[in-house]
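Colleague: Make a model of this:
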Amino acid sequence: MCGPMASLRKNEYLFGERNSRFENKVFHRRRPLRVLFIHRDADAVDSCLQELKKAQFAVSADTVLTLEQGTEQIRSGSYDVLVAEYPSSGWKGPQALQLLRQTAQETPLLFVTSAPGKVSITELTAHGAFDYVEEERVAQLPMAVRRALNEKELRTELQEARMALRHSQSLYRALVDNPAYGICRCNAEGKFLDVNQALLNMLGYESKAELLAVKPPAEIFTTFASTSPPARQVRTTAQIDPIEIEWQRKNGTKLKARVSGRGIYDDRADLTGHEFIVVDITEQRMLEEHLRQQALSDSLTGLANHRRLFEVLHSEISRSNRTEREFSLVLLDLDGLKEINDRFGHLTGDRALCRLAQILSDCSRSIDTAARHGGDEFALVLPETGLGAATMVARRICELLEQDAEKPALSVSVGVASFPKDAETIGTLLYAADKVLYEMKSKRPRAARAGRAS
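Modeller: All right, here's what the predicted structure looks like:
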């Protein structure tokens, strides 16, 4: 799901998914390990390295002698763990160790102590240690390192999860308060449990109690049921792909809405409810339909334009090839349009085109398509209509033009062709109708055609 709910879902599961990865993590047998030793005894450092290598760590180590040197070294390099001598005569109070901890930040600090039995964990923790091992039991160092690295990773995961949770909570609050997003919660039976003010406004209800008594469209839950994941893949929630529905407002009008959401499951993978985000797209769809109509209609006459005519012809040819049912095309050419424009002006010429367009519309069934082919040329596509019936329609158009009392008087030249009888393609169908049209036009004296405009 594209959108606000997708972001909310992603953040909501971040902690659970990462925690699962942590629980299932198995350290690679040759895990790289960068260690900084702060120790004056080279033999002790060698013993530590040997134990780490025995534990299958691929160790890369640097050694310094004092805390001050350690602080400088940390600034110039990155380390997975710090191993320091304790106690050390080089320490000058807790300030140096505090500076080391500030510089190292989240890097775990382990102590190797040469004073067995005299050191308490409380004392070492106060000096910033994560853990310690006695020098005589340095074989325990790899285990202490693993514990330190595990805890460091867990702290990082926990911090990221907290940040994700805060982000998720902020996003949820923003969504609830955003007037563009209607939010609702439903139980497993499809009954509203809670809604926000934005959804009330979209659907025209005045109170929550009023809307809570109404059931959401069943289409939402039907869609979810058809896209539910198998039980073995179900986690605490399951996302629903966005769908578009019609939702009835309180006043009976239709709200076109895009709905995205999720189903909520318990630990046994049983559905316990749903959460949805609703966006009102009524105006958007109206605008898109208006633009689509503009793109496919003639701006002057309101009939289908040249592009729409070819779409319809292609569709009718495909249907005729499937059903073996014929259809017909009527081409019309308005006689004397140039003379009308020259004598009465272009406004009258435009009016003449609109008069013919109105008659074509009046003579068309709901399944027919009347179009302005271009200039003074028009077309009428008649599905499920043979050549004889189409010729009768063409005559009816001519008769209505003759009966029109508005001046100047109009006439048309007409050509009719049928598919598949007269043609096999769009081009040949137009050619066949056009040929008949110009045969008719050529038989009429020019003076007679021009006289219609007087």
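Colleague: distance of Val436 from Asp422?
Modeller: 9 Å (CB to CB, to the nearest Å). The way it works is simple: take the backbone N, C-alpha and C, and place the C-beta from them, glycine included.
Colleague: Repeat that for Arg40.
Modeller: Distance from Arg40 to Asp422, by CB to CB: 105 Å.
Colleague: which of those two has more neighbours?
Modeller: Here Arg40 and Asp422 are compared on neighbour count by other CB atoms under 10 Å; more neighbours surround Asp422, at 19 against 15.
Colleague: what pLDDT does the spatially closest residue to the more buried one that is not a sequence neighbour get?
Modeller: Excluding the flanking residues, the one nearest Asp422 by CB to CB, 6 or more residues apart in numbering is Ala432, at 4.3 Å. Per-residue pLDDT puts Ala432 at 95.
Colleague: Ala432: what's it in contact with?
Modeller: Gly415, Ala417, Asp422, Ala423 (CB atoms under 8 Å, 6 or more residues apart in numbering).
Colleague: of those, closest to Glu135?
Modeller: Ala423 (100.2 Å; CB to CB).
Colleague: what's the closest non-adjacent residue to the closest one?
Modeller: Closest to Ala423 by CB to CB, 6+ apart is Leu429, at 3.8 Å.
Colleague: ok, the one you found - contacts?
Modeller: Leu313, Ile317, Leu329, Ala417, Phe419, Asp422, Ala423.
Colleague: Among the residues you listed, pick out the one closest to Ala379, please.
Modeller: Nearest member of the contacts of Leu429 to Ala379, counting by CB to CB, is Leu329, at 6.4 Å.
Colleague: Please report the distance of the residue lying closest to Leu313 once chain neighbours are set aside from Ala379.
Modeller: Counting by CB to CB, 6+ apart, the nearest residue to Leu313 once its immediate chain neighbours are dropped is Ile426, at 4.8 Å. Distance check for Ile426 against Ala379: by CB to CB, it reads 11 Å.
Colleague: Of these two, which one has the most company?
Modeller: Ala379 (24 against 16).
Colleague: Run a quick neighbour tally on Gly375.
Modeller: Count around Gly375 with other CB under 10 Å applied: 10.
Colleague: Phi first, then psi, for it.
Modeller: The phi/psi pair for Gly375 (degrees, to the nearest 10) reads phi 60, psi -120.
Colleague: From here on, call the first residue 12.
Modeller: All right, first residue 12 from here; so that's Gly386.
Colleague: Now it. Nearest residue, chain neighbours left out?
Modeller: Leu348 (7.7 Å).
Colleague: Lys65 too?
Modeller: Nearest to Lys65 is Pro153, by CB to CB, 6+ apart, at 7.4 Å.
Colleague: How about Thr439?
Modeller: Asp433 (7.8 Å).
Colleague: where does the one you found land in three-state SS?
Modeller: Following DSSP: H, G, I helix; E, B strand; the rest coil, Asp433 is assigned to coil.
Colleague: Quick check: phi and psi on it?
Modeller: Taking degrees, to the nearest 10 as the convention, Asp433 sits at phi -100, psi -10.
Colleague: what residues are up against it?
Modeller: Leu398, Thr439, Leu440, Ala443, Ala444.
Colleague: at 10 Å what do you get?
Modeller: By CB atoms under 10 Å, 6 or more residues apart in numbering, the residues touching Asp433 are Glu337, Ser339, Leu340, Leu398, Val427, Thr439, Leu440, Tyr442, Ala443, Ala444, Lys446, Val447.
Colleague: can you check Arg406 too?
Modeller: Applying CB under 10 Å, 6+ apart, the residues near Arg406 are Val425, Val427.
Colleague: Apply 6 Å and report the result again.
Modeller: Residues in contact with Arg406 (CB atoms under 6 Å, 6 or more residues apart in numbering): none are found.
Colleague: going on from the helix or strand it falls within, what's the next piece of helix or strand?
Modeller: Here Arg406, judged by DSSP states H and E, is contained in helix 398-414. The helix or strand immediately downstream of helix 398-414 is strand 423-430, counting by DSSP H and E.
Colleague: Please save the CA atoms from that next one in CSV.
Modeller: Extracted in CSV, the C-alpha atoms of strand 423-430 (Å, rounded to 0.1, in the frame of the first residue of the first chain):
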residue,chain,number,x,y,z
VAL,A,423,-25.7,17.4,-46.9
SER,A,424,-24.1,14.8,-49.2
VAL,A,425,-24.1,11.3,-47.7
GLY,A,426,-22.2,8.1,-48.2
VAL,A,427,-23.0,4.8,-46.5
ALA,A,428,-20.8,1.7,-46.2
SER,A,429,-21.2,-1.5,-44.2
PHE,A,430,-18.6,-3.8,-42.5
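Colleague: Noted, bye for now.
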